[in-house]
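[1] structure for the following, please:
(one chain, ligands or ions: 1)
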Amino acid sequence: MPIIIEKKKLFTLVLTLDEKNRKILLGMKKRGFGLNKWNGFGGKLEPGETIVQAAYRELEEEAMIQAVDMDKIGINLFTFENDPVALEVHVFRSTEYKGTPTETEEMRPEWFSYDNIPFDTMWPDDRIWFPLFLKGQQFLGEFHFSEDQKRVLEQDLREVSHVPEEYDLTQRKLA
Ligand SMILES: Nc1ncnc2c1[nH]c(=O)n2[C@H]1C[C@H](O)[C@@H](COP(=O)(O)OP(=O)(O)OP(=O)(O)O)O1
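    Predicted coordinates for the structure are as follows:
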C-alpha cells in the first residue's frame, strides 16, 4: 500500500543528557498523546514560533529546566495506516541546563542510565534510532505505524552529515 501524506504537523522532541554519568532524562507522559510512555520533552509549535524556540519552550514547560545548549540531531517522520497526516518530529540533544527537573502536569521526569533505557514503555521506534542519537550521529528516520500506533510496519533510518530545516517529502524513502 502506498503511504500517502496530505499534510504534516511539526513537533519537537528534546533529549537531555548527563554525558559524564551516561544518563538520559526522560519524562513519563501523564496525559494526551503518548500517555503512560517514557519520552523526551516536546510538542507542537505555537503560532509564529520557530522549531528551536518551541524546543526550548517545551522543555521548560514540561520539565521546568532551561537548556543551555540545544543541537538538532535528527528528524523522524511518522506516518500511520489509513491516516494522511504525518508527524514530523525534530529531535534535539541538550547536554547542559539550568534548574532542577521537576514534575509538571504533563510529565514526570526521571534519569535513566544509557544501559537501562525503558524501551518497553516507550514508542516502538525509539529503540531503533536511540543508538544513533546516543552516539551523537545525525540522522533522518521514517517510521510507518499500524493504525493502532502499536507497531512499526516499515522503517528507514539513515545517517546524515547535515540535518535539514525541514524534511523534504519529495525525498522520502517509504512512499
Ligand atoms: N513515535 C514517536 N516516537 C518518539 N516521540 C514521539 C513519537 N510520536 C510523537 O508525537 N513523539 C513526540 C513528539 C512530541 O515531543 C511528543 C508529542 O507532543 P504532544 O504532547 O502531543 O504535544 P504538546 O504540544 O505538548 O501537547 P499538549 O500540550 O496539547 O498536550 O511526542
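[2] would you mind finding the longest helix in the chain?
    Using DSSP state H, we find that the single longest helix of the chain is helix 51-63.
[3] sheet-wise, list the partners of the helix or strand following that helix with their directions.
    The C-terminal neighbour of helix 51-63 among helices and strands, as given by DSSP states H and E, is strand 66-67. Taking DSSP bridges as the criterion, strand 66-67 forms sheet pairs with strand 97-98 (antiparallel).
[4] report whether the very next helix or strand once past the partner strand contacts the ligand.
    Next along the chain after strand 97-98, taking DSSP H and E as the criterion, comes strand 107-113. No - for strand 107-113, no contact with the ligand is found by C-beta under 6 Å from any ligand atom; the gap never falls below 8.7 Å. C-beta coordinates here come from the backbone N, C-alpha and C atoms, glycine included.
[5] buried ones in strand 107-113?
    Using 16 or more other C-beta atoms under 10 Å as the test for burial, strand 107-113 gives 107-109.
[6] neighbouring contacts of the longest helix of the chain?
    10, 12, 14, 16, 25, 27, 41-46, 49, 65-67, 70, 72, 90, 92, 94, 97, 101-102, 104, 106-107, 109, 165 (C-beta atoms under 8 Å, 6 or more residues apart in numbering).
[7] how about a cut-off of 6 Å?
    Around helix 51-63, the neighbours that count as contacts under C-beta atoms under 6 Å, 6 or more residues apart in numbering are 12, 14, 41-43, 45, 66-67, 70, 90, 92, 101, 104, 106-107, 109.
[8] which members of those residues are the farthest-apart pair?
    Leu45 and Pro101 (22.9 Å; C-beta to C-beta).
[9] how about the strands in this structure?
    7-18, 23-29, 38-39, 66-67, 71-80, 83-94, 97-98, 107-113, 139-145, 152-159 (DSSP state E).
[10] now render these as JSON lines, adding mean pLDDT.
    Output for the strands of the chain, formatted as JSON lines (pLDDT from 0 to 100):
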{"stretch": "strand 7-18", "mean pLDDT": "98"}
{"stretch": "strand 23-29", "mean pLDDT": "98"}
{"stretch": "strand 38-39", "mean pLDDT": "98"}
{"stretch": "strand 66-67", "mean pLDDT": "98"}
{"stretch": "strand 71-80", "mean pLDDT": "98"}
{"stretch": "strand 83-94", "mean pLDDT": "98"}
{"stretch": "strand 97-98", "mean pLDDT": "98"}
{"stretch": "strand 107-113", "mean pLDDT": "98"}
{"stretch": "strand 139-145", "mean pLDDT": "98"}
{"stretch": "strand 152-159", "mean pLDDT": "98"}
